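Show me the folded form of this:
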Amino acid sequence: ARYRIALQDAMDYIELHYTEPISREEVCKIALMSVSSFSYVFKQITGQTFMEYLHLLRIRCAQKLLRET
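All right, here's what the predicted structure looks like:
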């Protein structure tokens, strides 16, 4: 449960700042986790690596913009 809360904070940050350059280290600080712990927990909970998640989020948002504009 503790990891889920920390991970949710990180994912909220990613969703707010996905249009900016985001580093894994930056997000780890928000989650209050080491890079290795964050990477492991992120993959276990989401099924994706941090970069996969970020890229897919950006692609989904770009697709939405293309459909709606």
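
Please make it C-alpha for all contacts and neighbour counts, starting now.
Noted.

Does Ser39 fall in a helix, a strand, or a coil region?
helix (DSSP: H, G, I helix; E, B strand; the rest coil).

In contact with it, which residues?
Thr49, Phe50 (Cα atoms under 8 Å, 6 or more residues apart in numbering).

from here on, count from 5
All set: I'll call the first residue 5, so the last point we hit is now Ser43.

That one and Ala10: what is the separation?
Look at Ser43 and Ala10: by Cα to Cα, to the nearest Å, they are 12 Å apart.

Tell me the confidence at Thr53?
At Thr53, the model reports a pLDDT of 96.

scratch that, Thr73
Reported pLDDT for Thr73: 86.

so what's it up against?
By Cα under 8 Å, 6+ apart, the contact set of Thr73 is empty.

Could you give the separation of stretch 27-45 from the chain centroid?
10 Å (Cα atoms, centre = their mean, to the nearest Å).

count of residues packed around Gln12?
Neighbourhood size, Gln12 [other Cα atoms under 10 Å]: 13.

pLDDT score assigned to it?
On the pLDDT scale, Gln12 is placed at 93.

next one: the one 5 residues further on
According to the per-residue confidence, Tyr17 scores 96 in pLDDT.

excluding its backbone neighbours, what's nearest it?
Leaving aside its sequence neighbours, Tyr17 sits nearest to Val31 (Cα to Cα, 6 or more residues apart in numbering; 7.6 Å).

now swap in Arg8 and tell me
Per Cα to Cα, 6+ apart, closest to Arg8 is Ile49, 7.9 Å.
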